[in-house]
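Enquirer: I would like the atomic coordinates for the input below:
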Amino acid sequence: MKKIFFLLFLCMLSAVCRASGDGRGNLLKMSSYVRRAATEYSQEARRMPGRDHRGAESICAFVRIAGDGAAELSHYGCRVLERFGDIYIADIPTDRLAALSESQSVSRIEASEPCTVLNDTSRMVIGVNMVHEGAGTLPQAFTGKGVVVGVEDIGFDVTHPTFYSRDLSEYRVKRLWDQLSDDTLNSTLYVGRDYQTQEEILAVAHTRDGLRQTHGTHTAGTAVGSGYEGRYGGVAFESDICLIGNAVSNNIALVDSVNRKKYTSATDALGFKYAFDYADSVGKPCVVSFSEGSQMDLWGDDVLFFEVLQQMTGPGHIIVASAGNEGRNKNYIDKPVGVESAGAFIRVGKPYAHFMIRSDKPVDIRMKAYYRRNDPDTLTFETEGLVLLPDSELVDTVYTRGGSQYVIDMAAYPCAYDSTKMVYEAYILGSAKDFGATIPTSFEIVGTDAHAEFFCLGGALYNGVFSDPTLTDAIARYSVLVPGGAPSVVCVGATSYRTQIVNYEGDTLRNDEGTGGVRASYSSVGPTFYEGIKPDVMAPGTNVISSYSSYYLENNPIASDIRWSVEHFDFNGRTYAWTSDMGTSMSTPLVSGIIALWLQAKPDLTAEEVKEVFSRTCRRYEKDWDYPNIYYGYGEIDAYAGLIDILGLGSSIPQLSASQPRGVTFSLHGDCLRLHFAQPTQRPTTVEIYSLAGVRVASLTLGAGVTEEECRMDGLARGVYAVQLRSSEPTVQGSTLVRL
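Expert: This next block holds a predicted model:
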């Protein structure tokens with residue numbers, strides 16, 4: 001056994017609160033990503049001491065400052081981008097990070113690296129009309145008109161016909177901010193540039209990443225697409241559209257390396273504000289859909305981010321974000337007090353393991369590399385002295401008997417969510433390309449008196465292999481991503497209905513995630529590390545058909561996901577596609593679109609009120625469970641029941657059903673309401689029409705055998721009316737809303 005001891009005599013002068021004097025500044029004020037930026041700059045400066053580094057690179061970050069924050073940031077050469085109380089979003093030269101962190105006015109500098117888009121690699125199909133089956137057909141009276149839907153994503157094809165009105169007379173994309181655009185001449189924005197007229201937007205045609213990405217075209221089509229020739233329309237199909245093309249791990253390679261740190265969680269927040277600012281400028285409410293996320297952490301690198309989101313949202317300003325697709329991954333170990341150790345095996349898919357431990361007392365971290373089944377090489381890392389080292393950080397290289405080299409980088413910081421606990425972060429770089437694959441490797445938390453938690457960042461834990469079948473403590477928890485995990489954000493998980501598709505070539509493709517609204521196994525689960533219950537709500541995410549980019553189709557003709565297209569079609573001389581996809585990326589824009597319908601009904605709706613509506617109206621797959629819970633939140637969204645609840649019709653019209661009939665469709669022709677029955681009625685059916693004040697204004701009774709009927713609404717004032725059908729046939733019983 002090799003044991004790594006931390007030298008306590010180096011740090012008896014409370015080095016946990018001071019800088020090490022090596023140019024990195026006060027690392028304890030920095031989040032992990034900012035800390036790495038400061039460390040990288042310090043290391044580069046030491047390697048090339050004669051080089052002028054000033055102005056070469058900067059980072060977009062949140063900064064909490066007491067007093068005159070703008071003046072303080074200016075003093076350190078920083079550019080203020082936005083302000084939220086004592087929190088600023090600023091562009092900070094990396095060579096000034098250390099000095100800024102030493103300022104007594106600055107208490108925190110925070111940013112997270114770019115997110116990842118959240119569609120799954122497998123593709124399945126369900127028509128958008130069938131996606132709505134769980135929530136009822138959307139009412140004619142509410143289409144998103146008068147509401148702005150912001151979609152922040154990657155890979156937009158803004159020429160797709162689904163972004164026009166249904167009759168193609170109006171182009172609905174009102175703003176486009178391409179944060180990756182290199183056409184920045186005269187742009188007043190922090191990165192990229194925006195386009196504000198139909199001519200400008202259509203001339204751009206696609207975001208800079210649009211030749212290789214199409215994720216945003218799909219999610220936007222689900223939220224706001226009008227469809228084309230009646231195909232695969234989205235939810236809020238008469239809303240105005242504001243698109244923000246951001247940077248994520250999938251497209252960051254398009255950005256010059258010197259500018260990549262400009263694209264962080266703080267830059268994403270600027271994108272949210274861009275959509276809200278546009279909506280405010282035209283006097284409309286706004287919901288922003290964000291089908292991306294990054295891992296939450298144990299010490300709280302997103303505290304300032306969460307506070308900014310809280311300030312940014314409110315009446316008529318709602319953010320909806322994906323829960324994530326990490327639900328299958330075992331990523332968490334909990335070691336209670338009184339238990340000597342808890343552990344599991346790890347496999348990463350990269351050369352390094354990255355994990356965090358949160359503990360109320362010092363613990364040991366035991367790593368075993370099984371070159372031989374019954375005789376592993378063991379490394380033990382003590383945390384007790386780590387907090388006393390300069391910057392509470394240790395970097396070392398160790399060698400095992402098997403000849404492998406491991407570079408150890410460990411750091412300790414107070415937990416931002418609970419100051420009585422410490423967080424220990426570790427990067428362990430191995431010699432193999434896939435850490436834990438060729439050599440089974442386990443990690444254990446050791447310390448009987450401590451309550452400690454282990455969280456794997458990247459890769460996955462697994463239990464009980466032949467090397468040591470007693471290590472079985474890994475479970476799937478805490479996998480909800482940021483910003484979906486923020487208290488002020490509506491967080492969306494995914495449910496499943498269909499198991500196969502027939503693609504445009506006639507092939508049947510199958511991928512079974514269950515039916516009937518069951519939670520998809522990939523959908524991330526809570527709780528959060530601040531002990532919040534997430535996700536908030538579920539929606540169909542497995543088998544969603546939506547729009548695909550013509551530019552992606554053209555430039556990636558043999559890409560595997562094109563096989564999951566269900567139809568190709570031509571428009572204005574280009575070939576487009578309707579393609580199936582799966583993931584919480586797909587469920588999120590469904591919820592965003594539904595909330596847009598609700599904002600049309602109540603423009604000052606807040607996220608908190610939305611969650612209250614969820615608590616009263618969501619469908620619940622597991623009938624006997626307590627809700628909300630860490631798997632389903634409040635349950636699966638019901639667009640119609642929620643709308644009835646928001647309008648208060650449940651109390652003003654007690655006779656009204658909270659669900660729509662499944663076997664009846666409605667259409668208006670002048671002052672005539674037509675009812676179309678999927679099957680001839682088997683029993684008598686009563687049709688009643690109510691004003692929103694609860695007054696019955698018309699009624700008629702239908703006999704058996706009816707397939708179509710008309711109900712005259714002559715003489716009624718223009719407005720919204722509720723139509724109630726009463727029948728002993730379950731597919732006929734229900735209500736809907738219509739607008740004269």
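Enquirer: any idea of the mean pLDDT for the strand of greatest length in the chain?
Expert: For the chain, the strand with the greatest residue count under DSSP state E is strand 537-548. Computed over strand 537-548, the mean pLDDT rounds to 92.
Enquirer: continuing past it, what's the next helix or strand?
Expert: Next along the chain after strand 537-548, taking DSSP states H and E as the criterion, comes helix 550-555.
Enquirer: contact partners of that next one?
Expert: 155, 157, 159-160, 205-206, 210-214, 217, 559, 562, 568, 574-577 (C-beta atoms under 8 Å, 6 or more residues apart in numbering). (C-beta placed from N, C-alpha, C; glycine too.)
Enquirer: sorry, back to before: can I get the longest strand of the chain in PDB? Just the C-alpha atoms.
Expert: Output of strand 537-548 as PDB, limited to C-alpha atoms (Å, rounded to 0.1, in the frame of the first residue of the first chain):
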ATOM      1  CA  VAL A 537     -42.400  18.300 -14.300                       C
ATOM      2  CA  MET A 538     -42.300  15.600 -17.100                       C
ATOM      3  CA  ALA A 539     -43.300  15.600 -20.700                       C
ATOM      4  CA  PRO A 540     -42.900  13.200 -23.700                       C
ATOM      5  CA  GLY A 541     -39.300  13.200 -24.700                       C
ATOM      6  CA  THR A 542     -38.900   9.800 -26.300                       C
ATOM      7  CA  ASN A 543     -40.200   9.700 -29.900                       C
ATOM      8  CA  VAL A 544     -40.600  13.400 -30.800                       C
ATOM      9  CA  ILE A 545     -40.700  14.400 -34.500                       C
ATOM     10  CA  SER A 546     -39.800  17.900 -35.300                       C
ATOM     11  CA  SER A 547     -37.900  20.100 -37.900                       C
ATOM     12  CA  TYR A 548     -34.400  19.300 -39.000                       C
END
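Enquirer: other SSEs contacting that strand?
Expert: helix 128-131, helix 215-224, strand 490-496, strand 574-582, helix 584-601 (3 or more C-beta pairs under 8 Å, 6 or more residues apart in numbering; DSSP states H and E).
Enquirer: Just send the ones you listed back as JSON lines, with mean neighbour count, distance to residue 716 and mean pLDDT too.
Expert: Output for these, formatted as JSON lines (neighbours: other C-beta atoms under 10 Å; distance: least, C-beta to C-beta, whole Å; pLDDT from 0 to 100):
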{"stretch": "helix 128-131", "mean neighbour count": "20", "distance to residue 716": "29", "mean pLDDT": "28"}
{"stretch": "helix 215-224", "mean neighbour count": "32", "distance to residue 716": "31", "mean pLDDT": "96"}
{"stretch": "strand 490-496", "mean neighbour count": "31", "distance to residue 716": "36", "mean pLDDT": "96"}
{"stretch": "strand 574-582", "mean neighbour count": "24", "distance to residue 716": "38", "mean pLDDT": "94"}
{"stretch": "helix 584-601", "mean neighbour count": "30", "distance to residue 716": "20", "mean pLDDT": "95"}
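Enquirer: So which of the ones you listed is nearest residue 354?
Expert: Ranking the helices and strands packed on strand 537-548 by their distance to residue 354 (criterion: C-beta to C-beta) puts helix 584-601 first, at 22.6 Å.
Enquirer: Give me the distance between that closest one and the centre of its chain.
Expert: 13 Å (C-alpha atoms, centre = their mean, to the nearest Å).
Enquirer: Next SSE downstream of it?
Expert: Assigned by DSSP H and E, the successor of helix 584-601 is helix 607-617.
Enquirer: Okay, buried residues for that next one please.
Expert: 607, 610-611, 613-615, 617 (16 or more other C-beta atoms under 10 Å).
Enquirer: After that helix, heading C-terminal, what element do we hit next?
Expert: helix 639-647.
Enquirer: list the helices and strands that following helix packs on?
Expert: Helices and strands touching helix 639-647, by 3+ C-beta pairs under 8 Å, 6+ apart, are helix 584-601, helix 607-617, strand 734-739.
Enquirer: For those, give me a markdown table that also has distance to residue 200.
Expert: Below are the helices and strands packed on helix 639-647 laid out as a markdown table (distance: least, C-beta to C-beta, whole Å):
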| stretch | distance to residue 200 |
| --- | --- |
| helix 584-601 | 24 |
| helix 607-617 | 32 |
| strand 734-739 | 34 |
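Enquirer: Indicate which one of the helices and strands packed on strand 537-548 is closest to residue 697.
Expert: Closest of these to residue 697 is helix 584-601, at 20.3 Å (criterion: C-beta to C-beta).
Enquirer: can you count the residues close to the nearest residue to residue 98 once chain neighbours are set aside?
Expert: Among residues not flanking residue 98 along the chain, residue 25 sits closest, at 3.1 Å (C-beta to C-beta, 6 or more residues apart in numbering). Neighbour count for residue 25, taken as other C-beta atoms under 10 Å: 28.
Enquirer: I figured residue 25 hits residue 35, correct?
Expert: No: using C-beta atoms under 8 Å, residue 25 makes no contact with residue 35, being 9.2 Å away.
Enquirer: Indicate which one of the helices and strands packed on helix 639-647 is closest to residue 725.
Expert: Taking the helices and strands packed on helix 639-647 one by one with C-beta to C-beta, strand 734-739 is closest: 5.9 Å.
Enquirer: and that closest one, which residues are buried?
Expert: Buried residues in strand 734-739 (16+ other C-beta under 10 Å): 734-738.
Enquirer: again, but for stretch 251-259
Expert: 251-252, 254-255.
Enquirer: And it, how far out from the chain middle?
Expert: That offset, for stretch 251-259, works out to 22 Å (C-alpha atoms, centre = their mean).
Enquirer: One more: stretch 516-533?
Expert: Counting by C-alpha atoms, centre = their mean, stretch 516-533 comes out at 12 Å from the chain centroid.
Enquirer: do the same with stretch 468-477
Expert: Distance of stretch 468-477 from its chain centroid, counting by C-alpha atoms, centre = their mean, is 28 Å.
Enquirer: Run through who's touching it.
Expert: Residues from elsewhere that reach stretch 468-477 (C-beta under 8 Å, 6+ apart): 326-335, 342-345, 368, 370, 442, 444, 461-464, 525-527, 630.
Enquirer: Output it as CSV, nothing but the C-alphas.
Expert: The C-alpha coordinates for stretch 468-477 follow below in CSV (Å, rounded to 0.1, in the frame of the first residue of the first chain):
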residue,chain,number,x,y,z
ASP,A,468,-14.3,-7.0,-5.1
PRO,A,469,-18.0,-7.9,-4.9
THR,A,470,-18.4,-6.1,-1.6
LEU,A,471,-18.2,-2.6,-3.3
THR,A,472,-21.9,-2.1,-4.1
ASP,A,473,-22.7,1.4,-2.8
ALA,A,474,-23.1,3.3,-6.0
ILE,A,475,-26.6,4.6,-6.8
ALA,A,476,-28.2,7.0,-9.4
ARG,A,477,-29.0,10.3,-7.6
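Enquirer: Okay, buried residues for it please.
Expert: 468, 471, 473-474, 476-477.
Enquirer: Out of the contacts of helix 550-555, which end up buried?
Expert: For the contacts of helix 550-555, a neighbour count by 16+ other C-beta under 10 Å gives the buried set as 155, 157, 159-160, 206, 210-214, 217, 562, 568, 574, 576-577.
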